[in-house]
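J.: Predicted structure and sequence below. I'll ask about it afterward.
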Amino acid sequence: MLPFRIRSTDGNRRVGIVARNLHEVRLKAALKLNLGRATDLQVRLEDSTDIEDDDFLLSLPAHTRLVILRPNETWRSDGLTNFFAALEVLESESIHERRESEALIDRSLAANNVNHGQRVVLQEFREQLMSQAHLERRMENPAWFEGLSPRFHTKCDVMRHNCLRRLRGYVREAQKAWRNIGPPQCTEVMLYLNSILKTQGGTWFDRSASGQDRFCTCEGWFTCQGKFNSPRCVLVHSINPYASWEKRVLFSTWNLDHRIEKGRMVIPEFQTAVWNCPNGQRVNEEYFGDLLIGRGNLKLVAPSCHDKQNHNLGLDRQQIYKMN
């Protein structure tokens, strides 16, 4: 008996079956896909090859995809259909099926009969097939932790640390620029910034954090949030740094981009605000702290969406000061 994956021509439902012969494929397809009389059904491969005898059917690899046609239905294979059908293996929990697909890709790459663009797509597909993203602990996926301190035991530990390191870098940059501002204003804003870091804890990059506290899915997928002046990334850049050492390193090139710019606006404007503070008021440390390391002013962006030109976005002048 062989496992197959069957679908109707409209593709609305796909199911897995196990069959010993063509007759059983028809019977189970009629029942599971509600296609009418089994004897009227035609069985094809997705490339439009008709299957007419048991010998050919049983020579197919396990988990082959079959299309079931009713009388008068037609099926025309096209490249896009086959492409999306191939992508379905990424959802398969069958290690055997994934290994077969990996071997097929390796043979194609070794044969050197694909062009450069096809090679890039196949290599990326192969990497997704054999992704180690589901593994979390160092002992399960030691290659992912290459070059990292032994104090890190899980991927989430590393990603939290990486997030906090970025935010602390922004705080250090601000602290250095504000070193000539005396207390109490500088002290108050630094206390507020440190309280944010303690509360936030690097959860933005931690896939185990609650949904509202992270930038990624629970599987570890991050999606670019687009340029500073765009509501979303039009190219839908995505990456899963939990998948491999290479993806983790590549993710380090993604940026937390300040919409109201840190260097051009937030840091110098705080200094100006302190020097020009009206009597009876003080600088709003919460407002400036949130601009520096708060989620409302930061967008996670892929390198090509990191616009380094002047953003031309100013501060909300009503938020700069508050009463003592």
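T.: That came through fine. Residues are numbered from 1 along each chain as shown.

J.: any idea whether the closest residue to Val301 other than its chain neighbours is helix, strand or coil?
T.: Leaving aside its sequence neighbours, Val301 sits nearest to Asp257 (CB to CB, 6 or more residues apart in numbering; 4.9 Å). All C-beta atoms are positioned from the backbone trio N, CA, C, and that covers glycine. In three-state terms, and counting by DSSP: H, G, I helix; E, B strand; the rest coil, Asp257 is strand.

J.: Quick check: the gap between the closest residue to His153 other than its chain neighbours and Ile6.
T.: Leaving out its chain neighbours, the residue that sits closest to His153 by CB to CB, 6+ apart is Arg138, at 5.3 Å. From Arg138 over to Ile6 the distance is 41 Å, taken as CB to CB, to the nearest Å.

J.: any idea which residue of the chain is furthest from its center?
T.: Asn279 (49.6 Å; CA atoms, centre = their mean).

J.: Would you mind giving both backbone torsions of that residue?
T.: Reported as degrees, to the nearest 10, the phi and psi values for Asn279 are phi -60, psi 140.

J.: Report pLDDT for it.
T.: Model confidence at Asn279, given as pLDDT, is 88.

J.: In three-state terms, label Ser149 for me.
T.: Assigned with three-state DSSP, Ser149 falls in the coil class.

J.: same check, this time on Phe4
T.: Assigned with three-state DSSP, Phe4 falls in the strand class.

J.: My guess is it contacts Arg26. True?
T.: No - using CB atoms under 8 Å, Phe4 is not in contact with Arg26; the gap is 11.6 Å.

J.: which intervals of this protein have sub-threshold pLDDT?
T.: Counting by pLDDT under 70, the chain contains low-confidence residues at 77-82, 84-86, 88-94, 182-183.

J.: sorry, back to before: for Arg138 and Ile6, indicate the residue with more neighbours.
T.: Neighbours were tallied for Arg138 and for Ile6 using other CB atoms under 10 Å; the higher tally belongs to Ile6 (23 against 17).

J.: burial measure for Gly36, as a count.
T.: A count of nearby residues for Gly36, using other CB under 10 Å, gives 11.

J.: Identify the residues contacting it.
T.: Gly36 makes contact with 30, 70 under the criterion CB atoms under 8 Å, 6 or more residues apart in numbering.

J.: is it true that it lies in a strand?
T.: No - Gly36 is assigned coil when assessed by three-state DSSP, not a strand.

J.: burial of Gly16, as a residue count?
T.: Neighbour number of Gly16 under other CB under 10 Å is 13.

J.: typo on my end, Gln212
T.: Neighbourhood size, Gln212 [other CB under 10 Å]: 7.

J.: about what we covered before: distance check, the residue nearest to His153 against Arg168.
T.: For Arg138 relative to Arg168 (CB to CB), the value is 24 Å.

J.: before we move on, what about Asn310?
T.: 26 Å.

J.: who has more neighbours, those two?
T.: The residue with more neighbours, out of Asn310 and Arg168, is Arg168; 15 against 9, by other CB under 10 Å.

J.: Verify the contact between the residue nearest to Val301 and Phe228 for me.
T.: Yes - when contacts are counted by CB under 8 Å, Asp257 is listed as touching Phe228 (5.9 Å).

J.: Touching both of the two, which residues are there?
T.: Joint contacts of Asp257 and Phe228 (CB under 8 Å, 6+ apart) are 299, 307.

J.: As a check, name the ranges of all helices in the stretch 51-200 of the chain.
T.: Assigned by DSSP state H, counting those that start in this stretch, the stretch 51-200 of the chain shows helices spanning 54-58, 79-87, 95-111, 116-129, 155-177, 185-200.
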